[in-house]
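[1] test case, fold it:
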Amino acid sequence: MPALVFEKRDHTAYILLNRPAQKNAINLEMRQGLREAWKEVEEDRDIFSVIVSGGQEVFSVGQDLFELEQFKKDDPIQDLPLNTLETFGSEVGKPVIAAINGHCLGYGFLLTMVGCDLRIASTSALFGMPEIKVGVPPSLGIPAYVAGYFPPAAAMELLLTGNFISAEAAHRYGYVNRMVPTAEVMGEAERIARIINTYSPFMVRNIKKMVRFALTPDAGATAYSRAVCLYCRHSPDYLEGPKAFKERRPPQWKDR
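    Residues are numbered from 1 along each chain as shown. Predicted structure coming up:
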């Protein structure tokens, strides 16, 4: 079963995160699938909009920690292959709608930030950045993006506690466009896609470009975030967290 399914219907492309048994944890195969899907979206002039979903149960619980733990045995400092903002859709010029059910965490949450422009969430959806719980420093400038989308207190709570927030809270903060019952999430995303598809693709792309320019964290904040992340990867805690997760035990932090 492929980790990602891509299809096109009329003028809308559909990207389905497709590892249900792993709660759509993002692994190398899925990252490769995302890169290929975005390339197809950009090259196909008949695609006017995109809908990204994870199915009816979960959007994504984020990075595959089993893959990360294995990778760090060989190279604890470098990032995972294809683990870039471009993989998560930062350079896509066409409008992307996230259809979010269930948990939307970590890199799944990041995907809805950097790769998606509109977000439809089920009333039971949950959002969070749980990296702190397993001693993984948030990479790819995640803190800068979270701080750009959420008020300071909410951003700090998401990043420092790993607590989840409800779809209602995300909607109140202005992160989610619509909250609907689970059975209606995809239908609402498709309704918005059909509206966008009736407009000039040229105008839509350029409006997105202008808004994205305003929303993207400045280069200094992103560079600083990445530098601190790399610094944290030299800590033994970075190795301990995912190892403890894999072994189903509490981590033993070294604090150095």
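[2] remind me which residues of this structure are low pLDDT?
    72-73, 75-77 (pLDDT under 70).
[3] and the residue most central in space within it, how far from residue 194?
    Closest to where the C-alpha atoms of the chain average out (CA atoms, centre = their mean) is residue 111, at 2.1 Å. Distance, residue 111 to residue 194, by CB to CB, to the nearest Å: 23 Å. Every C-beta, even on glycine, is put in place using the N, C-alpha and C of the backbone.
[4] same check, this time on residue 42
    To residue 194, residue 42 is 21 Å away according to CB to CB.
[5] tell me if I'm right that residue 42 and residue 93 touch.
    Yes: assessed by CB atoms under 8 Å, residue 42 is found in contact with residue 93 at 6.5 Å.
[6] all helices for this structure, in order.
    28-43, 65-74, 106-110, 142-149, 152-161, 167-172, 185-197, 201-215, 219-232, 236-246 (DSSP state H).
[7] for residue 209, give me its contacts.
    residue 93 (CB atoms under 8 Å, 6 or more residues apart in numbering).
[8] where's it relative to residue 93, distance?
    For residue 209, the distance to residue 93 - CB to CB - is 7 Å.
[9] ok, now residue 78?
    Distance from residue 78 to residue 93, by CB to CB: 29 Å.
[10] which of the two has more neighbours?
    Neighbours per residue, other CB atoms under 10 Å: of residue 78 and residue 93, the larger number sits with residue 93, 15 against 12.
[11] hang on, that one packs against residue 208?
    Yes: judged on CB under 8 Å, residue 93 makes contact with residue 208 at a distance of 6.6 Å.
[12] present the helices of the chain as a markdown table; the columns should include distance to residue 121.
    What follows is the helices of the chain, written out as a markdown table (distance: least, CB to CB, whole Å):
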| stretch | distance to residue 121 |
| --- | --- |
| helix 28-43 | 20 |
| helix 65-74 | 24 |
| helix 106-110 | 12 |
| helix 142-149 | 14 |
| helix 152-161 | 16 |
| helix 167-172 | 4 |
| helix 185-197 | 7 |
| helix 201-215 | 19 |
| helix 219-232 | 26 |
| helix 236-246 | 26 |
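[13] for the spatially closest residue to residue 196 that is not a sequence neighbour, give its distance to residue 82.
    Excluding the flanking residues, the one nearest residue 196 by CB to CB, 6 or more residues apart in numbering is residue 49, at 4.8 Å. The gap separating residue 49 from residue 82 is 24 Å, by CB to CB.
[14] who's more crowded, those two?
    Taking neighbours as other CB under 10 Å, residue 49 and residue 82 compare with residue 49 leading, 26 against 14.
[15] how about the contacts made by that one?
    So residue 49 contacts 11, 12, 13, 94, 95, 96, 97, 193, 196, 197 (CB under 8 Å, 6+ apart).
[16] distance check, it against residue 83.
    Distance, residue 49 to residue 83, by CB to CB: 26 Å.
[17] restrict stretch 173-192 to CA atoms and write it as CSV.
    Output in CSV follows, covering the C-alpha atoms of stretch 173-192 (Å, rounded to 0.1, in the frame of the first residue of the first chain):
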residue,chain,number,x,y,z
TYR,A,173,-7.1,31.9,16.9
GLY,A,174,-7.9,32.2,13.2
TYR,A,175,-5.9,29.2,12.2
VAL,A,176,-8.8,27.1,11.0
ASN,A,177,-11.3,28.5,8.5
ARG,A,178,-14.2,26.2,9.2
MET,A,179,-15.2,23.6,11.8
VAL,A,180,-17.6,20.9,10.6
PRO,A,181,-18.6,17.4,11.6
THR,A,182,-16.2,14.7,10.5
ALA,A,183,-18.4,13.4,7.8
GLU,A,184,-18.6,16.9,6.2
VAL,A,185,-14.9,17.8,6.2
MET,A,186,-14.1,16.6,2.7
GLY,A,187,-17.3,18.0,1.3
GLU,A,188,-16.6,21.4,2.7
ALA,A,189,-13.1,21.4,1.4
GLU,A,190,-14.4,20.4,-2.1
ARG,A,191,-17.0,23.1,-2.0
ILE,A,192,-14.3,25.8,-1.4
